[in-house]
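Peer 1: mind looking at a prediction? Sequence and model below.
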There are 6 protein chains.
Amino acid sequence: SPSHKEGRTTGDEIVEIHANLDDQPGEGLGFVIGKLLEAGAYDAYFTPIYMKKGRPAYQMTVITPKQKCRIMADLLFQHTTTFGIRYVNLKRTILPRTFKKVCTKFGEVTLKIGMIKSSKKVTVEYDRAAILANQHHVSLEQVQQAALLAYNKEDGMA
Amino acid sequence: SPSHKEGRTTGDEIVEIHANLDDQPGEGLGFVIGKLLEAGAYDAYFTPIYMKKGRPAYQMTVITPKQKCRIMADLLFQHTTTFGIRYVNLKRTILPRTFKKVCTKFGEVTLKIGMIKSSKKVTVEYDRAAILANQHHVSLEQVQQAALLAYNKEDGMA
Amino acid sequence: SPSHKEGRTTGDEIVEIHANLDDQPGEGLGFVIGKLLEAGAYDAYFTPIYMKKGRPAYQMTVITPKQKCRIMADLLFQHTTTFGIRYVNLKRTILPRTFKKVCTKFGEVTLKIGMIKSSKKVTVEYDRAAILANQHHVSLEQVQQAALLAYNKEDGMA
Amino acid sequence: SPSHKEGRTTGDEIVEIHANLDDQPGEGLGFVIGKLLEAGAYDAYFTPIYMKKGRPAYQMTVITPKQKCRIMADLLFQHTTTFGIRYVNLKRTILPRTFKKVCTKFGEVTLKIGMIKSSKKVTVEYDRAAILANQHHVSLEQVQQAALLAYNKEDGMA
Amino acid sequence: SPSHKEGRTTGDEIVEIHANLDDQPGEGLGFVIGKLLEAGAYDAYFTPIYMKKGRPAYQMTVITPKQKCRIMADLLFQHTTTFGIRYVNLKRTILPRTFKKVCTKFGEVTLKIGMIKSSKKVTVEYDRAAILANQHHVSLEQVQQAALLAYNKEDGMA
Amino acid sequence: SPSHKEGRTTGDEIVEIHANLDDQPGEGLGFVIGKLLEAGAYDAYFTPIYMKKGRPAYQMTVITPKQKCRIMADLLFQHTTTFGIRYVNLKRTILPRTFKKVCTKFGEVTLKIGMIKSSKKVTVEYDRAAILANQHHVSLEQVQQAALLAYNKEDGMA
Ligand code: NI
Ligand code: NI
Ligand code: NI
Ligand code: NI
Ligand code: NI
Ligand code: NI
Ligand code: NI
Ligand code: NI
Ligand code: NI
Ligand code: NI
Ligand code: NI
Ligand code: NI
């Protein structure tokens, strides 16, 4: 259906980079994620793996726009113990999204809204919600629920 | 060797789709696997990952025939919280397989048999074996062992 | 039932020791398991965990007879980066077991046999089976299956 | 505070049982969970662990009322490959809960409601919600959101 | 040996609390760790587990001084979706530690030093080292290595 | 920069092979890794995954030079229970490395040294260090630290 086609954006050229880390402590790996995201990676994460010689280890994965692949490789060689990285080209499909602010009793919260066919997909942005939960001594979930309720009231009225 | 070449089927066009899920509870993820398999995915599974900001999360993977890639994408956008999916073309090699029924004291069990060079590879189909184990108040392993013994007796006689 | 009571041995005093490792590479952790088992631990293993500040880490667990608890603690302080360990007393129930050798076309294999109520529980000992699989260029599973078949033939004849 | 004290129930005598499984395939482990829950376990689950000799394995955990500990042990010896189990007494604190049905456009959904100090904690029961999501070809999350909205409307009116 | 006895401090009364989380997204779990540590937990972390009905989930663990057990329980009920927690008393053994500052070309770094029998155990404190690595555009490991070298030079001269 | 370009080697044709294993015990998986590495795989490892029907399982990954892909497939079909494998071509970038021996009080240790832009990346080779740690009843880390110190002294003198 036409609304369907409009609902998605395809064709981004992205690269997935892998490196296996068995001789680096986990303590500094959050630090590495920070460096990669700061430099423009779409995502960076670790998977627990079982390697040779009974070694618990981590597979590092970086999802990056193609033109930043070299920068990411440099960061991996600088900030991890790896002597080799592997990479592969991927395609990506993303939902077009709009952002919307709603008022809750805890303050203003941002929602990310995607169109998926006939229905909408709504997520509460984490960073702002976490700040409000801290300020008001409530749980993150209470802020998130308040935001979704506010959205549904507004949306119901439209 | 010729028997070797016959022993494998290569060239399937398949696609691996990835999405990272950090804002969806695990409770409903078995539900999502069900939807994907029902719609024709070859496999669908989750990997525990460590994401930014100290977030435990899951990487969802779907293995699908190429022509079903769009359907799988739609299901992922509908049934998970993701706003973006990544995919890559893979090749696949599978063992040709035959199915064979054997009689055990618990009832009829189905075996999956593959030819791998000179030797055979035999697996007991789970669903039927689990039903029989439940009916006869024995362990799954007892049914599986009975089936493999029955197979070996028949095979030994041939 | 009386046979049931005989089937289990309870009352061992054992200790479970935990330590969280976030600043030690996985590479040397197999080494640590070796040291602990050599010194008499019943078991020693790692669990992947998600710690504060986005740190992938491992929880080390040692299961030890109570009288060896101090030795294990010393080994943990010496061979891991931890500055603190936690421990708790556990009880243990084990199946009495006998060992039995069976002849297969690959050579002699050892089985571990436990009585669990009316049925027997049979496992193929790994170390010897792995050596035979290597020598005969077959899979570990082929040796294990051969051993179970040999056992079932002997047992069936009795 | 008094409402606080009323809000929790403490003192249940429960037992945590552990067994390490390195020689049983994962395929049948869902089957084992079923057996344990059916027999009255509070919970039963697996943790991926790294054992000696480079073995990926699972730690099985069963949470059981104390008087069912023996039954659980028997089930573990019957349905898993383990030759030994470990157990420890735990205490448990649970939130008193009420169940409430709410009407949504997808049908009637059950909510579990706990009192935690001044605020309420509300969860949508999975089984019924999953059936409705299947019937109406929507996502589990849509049913859950509808149920929470219905609850909030009713609650807001009170 | 006497130095051995001095080398460890035992007897802390601590509690380990467990809760299984299958209906809470991972996104907010780093938030929960923050709350618990802020309130005085010794440690708080998550373990990936496999629960009933095919549910990927997390086991939350909190290690807390005994007198803070109730506060931690309240925080768990407020900030997670759990309706029940389990807990057990543990003992703890810690290495007495001293802290020492060393000068590196990147700035002053703090070391944590423990006495383990005849040898010393030295760790570089993360927070300060991470700040210096960021400021000087080097890897965390470069700062850590510089600190260990500085320590060894000083120590070697003594 | 030119030194940068010299610092990396790109263009290796490698293949990543995947197979999901849900009906094979973890016990023999270390054995499988051994077979694959012996036959020339660059790496082979397991990832814990959550499959359909509540099955804990492992994803096996093999990283292999392209020309050995068929041999690896044969080994996977022989030594694992899988009936199908998936593979994809990857590119690889590795740091050129030199090896250097240094003298420590425990004996001679081998270092692997890579050039990453202006700085060097130094790792202690595991196998030799582990042997020395065993011989001298010290921790692996003590041997590794001694080797890095020896390297830094030599390097500092140059
Ligand atoms: Ni991948
Ligand atoms: Ni390495
Ligand atoms: Ni406010
Ligand atoms: Ni029957
Ligand atoms: Ni435990
Ligand atoms: Ni032989
Ligand atoms: Ni309906
Ligand atoms: Ni525990
Ligand atoms: Ni639940
Ligand atoms: Ni500075
Ligand atoms: Ni992959
Ligand atoms: Ni020596």
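Peer 2: Now that the structure is in, tell me what you want to look at. Numbering: from 1, shown residues only, chains lettered A, B, ... in the order given. Ligands and ions are numbered 1, 2, ... in the order given.
Peer 1: give me the pLDDT value at A:Lys120.
Peer 2: pLDDT for A:Lys120: 86.
Peer 1: got it, and A:Ala129?
Peer 2: At A:Ala129, pLDDT is 97.
Peer 1: CA atoms only: put the host helix or strand of it into PDB for me.
Peer 2: Element membership of A:Ala129 [criterion: DSSP states H and E] is helix A:126-136. The C-alpha coordinates for helix A:126-136 follow below in PDB (Å, rounded to 0.1, in the frame of the first residue of the first chain):
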ATOM      1  CA  TYR A 126      15.000   8.200  28.100                       C
ATOM      2  CA  ASP A 127      17.300  11.100  29.100                       C
ATOM      3  CA  ARG A 128      14.700  13.700  29.900                       C
ATOM      4  CA  ALA A 129      12.500  11.200  31.600                       C
ATOM      5  CA  ALA A 130      15.300  10.000  33.800                       C
ATOM      6  CA  ILE A 131      16.100  13.500  34.900                       C
ATOM      7  CA  LEU A 132      12.500  14.100  35.900                       C
ATOM      8  CA  ALA A 133      12.300  10.800  37.700                       C
ATOM      9  CA  ASN A 134      15.300  11.800  39.700                       C
ATOM     10  CA  GLN A 135      14.000  15.200  40.500                       C
ATOM     11  CA  HIS A 136      10.600  14.000  41.600                       C
END
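Peer 1: what comes into contact with that helix?
Peer 2: For helix A:126-136, contacts defined as CB atoms under 8 Å, 6 or more residues apart in numbering or on different chains pick out A:104, A:106-110, A:139-140, A:142-144, A:147, B:23, B:53, E:27-28, E:31. In short, each C-beta sits where N, CA and C put it, glycine included.
Peer 1: against C:Gln24, how distant is A:Thr47?
Peer 2: 19 Å (CB to CB, to the nearest Å).
Peer 1: please apply the same query to A:Asn89.
Peer 2: 35 Å.
Peer 1: those two: who's more crowded?
Peer 2: Of the pair A:Asn89 and C:Gln24, C:Gln24 is the one with more neighbours under other CB atoms under 10 Å in any protein chain shown, namely 23 against 15.
Peer 1: and A:Gln59, what does it touch?
Peer 2: By CB under 8 Å, 6+ apart, the neighbours of A:Gln59 are A:18-21, A:46-47, A:49, F:45, F:47.
Peer 1: who's A:Asn14 bridged to?
Peer 2: You called it Asn, but residue A:14 is Ile. Counting by DSSP bridges, A:Ile14 is bridged to A:Pro65, A:Leu90.
Peer 1: surely it and A:Tyr87 touch.
Peer 2: No - using CB atoms under 8 Å, A:Ile14 is not in contact with A:Tyr87, being 10.4 Å away.
Peer 1: what separation do you get for A:Gly114 and C:Leu36?
Peer 2: 51 Å.
Peer 1: who has more neighbours out of the two?
Peer 2: Ranked by neighbour count (other CB under 10 Å), A:Gly114 and C:Leu36 place C:Leu36 first, with 25 against 21.
Peer 1: so the more buried one, which of the three states?
Peer 2: Here C:Leu36 is helix, with the state taken from DSSP: H, G, I helix; E, B strand; the rest coil.
Peer 1: please name the residues that touch the closest residue to it other than its chain neighbours.
Peer 2: Closest residue to C:Leu36 apart from its sequence neighbours, by CB to CB, 6 or more residues apart in numbering or on different chains: C:Ala44 at 4.2 Å. Listed by CB under 8 Å, 6+ apart, the contact partners of C:Ala44 are C:32-33, C:36-37, C:60-63, D:52.
Peer 1: tell me which of those residues is nearest to D:Lys120?
Peer 2: D:Lys120 has its nearest neighbour among the contacts of C:Ala44 in C:Thr61, at 37.5 Å by CB to CB.
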